[in-house]
Structure formats: structure tokens, C-alpha cells
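Engineer: Sequence and predicted structure below; questions after.
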Amino acid sequence: MRDVIQKIVAAENEARVIVEAARSEADRILSDAKKKGQDIGERTRQEALIEAEKIVEAAVEAAEREKQHRLTEAAAQIENQIQLEPATRQWAVTEVVRCVCKKT
């Protein structure tokens with residue numbers, strides 16, 4: 001009888017050790033999964049940030065091109081609308097220089 005009780009106690013101890021090992025392994029697996037999840041989340045965040053920066057950069061470049069295009073168009077329209085005779089142009093330049101230099 002004593003031998004049977006000892007075997008039962010030994011089996012319980014062995015089962016407890018197995019359960020603890022399984023719990024430790026489960027905790028380790030869960031910890032690894034959390035770490036991988038965090039790594040994936042961080043990597044995804046970094047990729048999204050890089051993509052957003054590229055989009056913003058492309059938008060800024062497009063806006064700059066549009067600005068240049070509009071300025072070029074406006075300059076061409078102004079040149080087409082304002083046709084000065086050489087004498088009038090010279091007079092305007094002289095007057096602007098006089099104003100800028102404050103000579104009267």
C-alpha cells in the first residue's frame with residue numbers, strides 16, 4: 001500500500017513538473033508572440049511613416065511645379081498684355097531707377 005501511495009505522490013510530482021514546464025513554455029511562447037507583434041507593429045508604423053513622407057514630398061513637388069507653371073503663364077500673359085514702345089519702356093525704367101535711388 002505504501003508503495004502505491006509513493007507511486008501516486010511521485011506521479012503527482014511528475015505531473016506538477018510537467019504542468020509547470022508547459023506553463024513556462026506557454027508563457028515563453030506568449031511573450032515571443034507579443035514581441036513579434038510589437039516588432040511587426042513598429043515595422044508597419046515605420047513603413048507607413050516613410051510612405052507618408054514620400055506622399056508629402058511628392059505633393060510638395062507637384063505644388064512647386066504647379067506654382068512654376070502658373071507663374072510662367074502669368075508672366076507670359078502680362079508680357080502679352082503689356083506692349084511698351086522702346087521710348088516708353090526706357091522712360092519707365094528711368095523713373096523706377098529714379099524712385100529707387102530717390103533722385104528727383
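Structural biologist: Cool, the structure landed.
Engineer: if you average pLDDT over stretch 59-75, what comes out?
Structural biologist: The average pLDDT within stretch 59-75 is 94.
Engineer: tell me which helix or strand of the chain sits lowest on mean pLDDT?
Structural biologist: Here the helix or strand of the chain ranked lowest by mean pLDDT, DSSP states H and E is helix 86-101, holding a mean of 87.
Engineer: In three-state terms, label the one residue sitting closest to the centre of the chain for me.
Structural biologist: With distances taken as CA atoms, centre = their mean, the residue of the chain nearest its centroid is Leu49 (2.4 Å). Under the three-state scheme (DSSP: H, G, I helix; E, B strand; the rest coil), Leu49 adopts helix.
Engineer: Can I get the least confident helix or strand of the chain as CSV, trimmed to CA atoms?
Structural biologist: The C-alpha trace of helix 86-101 is given here as CSV (Å, rounded to 0.1, in the frame of the first residue of the first chain):
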residue,chain,number,x,y,z
PRO,A,86,11.1,101.3,-76.6
ALA,A,87,10.9,105.0,-75.6
THR,A,88,8.1,104.4,-73.1
ARG,A,89,10.0,101.4,-71.7
GLN,A,90,13.1,103.5,-71.3
TRP,A,91,11.1,106.2,-69.6
ALA,A,92,9.6,103.7,-67.2
VAL,A,93,13.0,102.2,-66.3
THR,A,94,14.4,105.7,-65.7
GLU,A,95,11.5,106.6,-63.5
VAL,A,96,11.8,103.3,-61.5
VAL,A,97,15.6,103.8,-61.1
ARG,A,98,15.0,107.4,-60.0
CYS,A,99,12.4,106.3,-57.4
VAL,A,100,14.6,103.5,-56.1
CYS,A,101,17.6,105.8,-55.9
